[in-house]
Structure formats: structure tokens, C-alpha cells
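**Q** Mind folding the following:
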Amino acid sequence: MIGRLSHGSTKVSGHCVRLSMGLNLLDTYMDPYLAQISSELRAWQQQMMRRPSFLNGLSKRFQTKINSWIPEKVHKAITVALKQMIRGVLFGARHTTARPFLNASLQVREQLVLDKVNVYRKTAAIEGGITGAGGLLLGLADFPILVGIKIKLLFEIATLYGFDVDDYKERIYILHIFELAFSSHEHRRNVYLKMTDWDKKSLQLPQDINKFDWRNFQQEYRDYIDLAKMAQLIPAIGAPVGIVVNNKLIKKLGTTAMNAYRMRVIK
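**A** Numbers count the residues shown, from 1 in each chain. This next block holds a predicted model:
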């Protein structure tokens, strides 16, 4: 990581407000916080690039086999429903999220992000407990509600790192973070590679969000959370399962988002 760290400085390029941050070895020696998070980022990046284990591959093949038994019209219906739901959330969150947070150090930003994640973890846990205790119908309602909570959190985190979610490409990046957090090992690695060197790769994005790979998006997400969410539908244990699972899912999303944005602000 080469460059010079400029705490709190910003620049505006088009619709995207960017942090002007770079990090070199001298900076890490002078700033223990930067040394710590740089180490965390490297470890996370190695994890993202790790090849799937034998068990991971076996699990993925088993899930793929199950998906092959589901009629194509069901897959299409789920894909369309999830696409419309997330597009609605993306549009709504865009208009209810604060403007990019400017003129603050990276350490201050990340403390605010951690505080925000903790708030959303509690919100998601309460929501999971209520829907889990409400039987099948409320349990099914947890899926779209939780997706909305996750997307809204990602919008909040983006602005705290200084990015403008009015920019269409920033919303695509948010979808990639979502995929990164809730996908199989194999798909996760492919998504991560799309996100590296985002400044250049984002220039090649189509302007139509309909060209986003919604089918893979919904299938990976559904496969990732199916087992835990099925347990949430069981009346006797639904509430505690909903509390624990939703809390952990939001925590994982927060960690993934922090490292995904560190890749862009630490040069």
C-alpha cells in the first residue's frame, strides 16, 4: 500500500465523494490504528481469495443439486421478486440516507460505523425474535424485512466512509458487498475480484441495473441463509433462533463492509 495518508481530506469527482487517503509503511509505524486495520485488511483479503475447501465444494454441489430440482418458473419468480424488492429498498434508502460524511479521520469514521452496526444488530435481533415467535407467516415476513435492514445499513456505512450513494456505481458496489457477505466460497472469490481496483472496473459497468446478475444474487443469498431461516420457522425455537441468527448476519455484514471500503480508502 503506497501513498500518503491525509486525514480528513476529501475531493469531489462527479457524484462520488471520495476520501483522499493513502497509506505507506511509515504511516503504519506512526499510527498504531492504521497498522492494526491494515493488518486486518490483509488477513481479510487473503480469506476472500482462499480456494473453497473440499467440504465447501461438497456443500455447494449438494445445494446446486437441490436447486436443479426446483422448477425453472419458481427460480424466475423468486429472482423477479427479490430484484424488485431490493430495487425498491435501494431507491428508498437512497432518499433517506444522510449525505456523505466529510472531513474526519479514518479512525473517527470507523468508530461511527461500529456504533451504527451495533444499532442495526439490535434492531435485526428484535425483528428476528418477533417474527420467529409469530409462526410461519411472520417467519416468512422476516426475509424481506431483514434484506431491507441490511441494505439500509450498507447505505449508512457508505456515507460514513465518504461515498455518495446517489451515484449508481456506488449502489452496485453495495450489492457486491451484500453478495460478498452472503455467498458460497467459490462465488465470494469471484465477487471479490470484481471489487478490487474498483475505480477502473466501475468505468465498465452498464448503466442499466437490470443487467446486474440478479439470478446468481438471489440464489447465493438464499442458499447461504436457508438452513438458519428454516429453523426460525419452527414455533418452539423460532424466536431465539431469529435473535441469534439476525444478530450474527448483521455483524458479518458490518465486518465485510468495513473491509470492502478499507480497500478503497487505504491506498
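**Q** For residue 207, which residues are in contact?
**A** Residue 207 makes contact with residue 168, according to Cβ atoms under 8 Å, 6 or more residues apart in numbering. To be clear about C-beta, it is placed using only N, CA and C from the backbone, and glycine gets the same treatment.
**Q** Would you agree it falls within a strand?
**A** No: read with DSSP: H, G, I helix; E, B strand; the rest coil, residue 207 is coil and lies in no strand.
**Q** Report pLDDT for it.
**A** We note a pLDDT of 72 for residue 207 in this prediction.
**Q** Next one: it from residue 169, what distance?
**A** Separation of residue 207 from residue 169 (Cβ to Cβ, to the nearest Å) stands at 9 Å.
**Q** what's the answer for residue 200, then?
**A** From residue 200 over to residue 169 the distance is 12 Å, taken as Cβ to Cβ.
**Q** Between those two, tell me which one has more neighbours.
**A** residue 169 (19 against 8; other Cβ atoms under 10 Å).
**Q** So that one sits against residue 201, correct?
**A** No: counting by Cβ atoms under 8 Å, residue 169 stays clear of residue 201, with 9.6 Å between them.
**Q** Looking at whichever strand or helix holds residue 247 now, give me its mean pLDDT.
**A** Here residue 247 sits within helix 238-265, counting by DSSP states H and E. Per-residue pLDDT over helix 238-265 has a mean of 90.
**Q** Helices along the stretch 1-150 of the chain, start to end?
**A** Counting by DSSP state H, counting those that start in this stretch, one finds helices in the stretch 1-150 of the chain at the ranges 25-30, 32-49, 54-69, 72-96, 106-133, 135-160.
**Q** Residue 196 and residue 263 touch, don't they?
**A** Yes: contact status for residue 196 versus residue 263: in contact at 7.0 Å, counting by Cβ under 8 Å.
**Q** Which of these two has more residues huddled nearby?
**A** Between residue 196 and residue 263, residue 263 has the larger neighbour count (other Cβ under 10 Å), namely 17 against 13.
**Q** correct me, but the more buried one touches residue 38?
**A** No: using Cβ under 8 Å, residue 263 is not in contact with residue 38, being 11.1 Å away.
**Q** now do the same end-to-end measure for stretch 180-199.
**A** Stretch 180-199 stretches 18 Å from its first residue to its last (Cα to Cα, to the nearest Å).
**Q** buried stuff in it?
**A** 180-185, 187-189, 191-192, 194-195, 198 (16 or more other Cβ atoms under 10 Å).
**Q** For that stretch, the averaged confidence score.
**A** 89.
**Q** quick check, nearest of the buried residues of stretch 180-199 to residue 120?
**A** Checking those against residue 120 with Cβ to Cβ, the nearest one is residue 181 at 13.2 Å.
**Q** Pull the contacting residues for that closest one.
**A** Counting by Cβ under 8 Å, 6+ apart, residue 181 has contacts 252-253, 256-257.
**Q** Not counting its neighbours along the chain, what's nearest it?
**A** Excluding its sequence neighbours, the residue lying closest to residue 181 (Cβ to Cβ, 6 or more residues apart in numbering) is residue 256, at 4.1 Å.
**Q** What count of nearby residues applies to the one you found?
**A** 21.
**Q** what's the answer for the one 10 residues further on, then?
**A** Other residues within reach of residue 266, judged by other Cβ under 10 Å, total 19.
**Q** surely it meets residue 41?
**A** Yes: applying Cβ under 8 Å, one finds residue 266 in contact with residue 41, separated by 6.7 Å.
**Q** Excluding chain neighbours, give the residue nearest to residue 221 in space.
**A** Computed as Cβ to Cβ, 6+ apart, the closest residue to residue 221 that is not its neighbour in sequence is residue 182, at 4.9 Å.
**Q** if I read this right, that neighbour contacts residue 222, doesn't it?
**A** No: Residue 182 is beyond contact range of residue 222, at 9.2 Å (criterion: Cβ under 8 Å).
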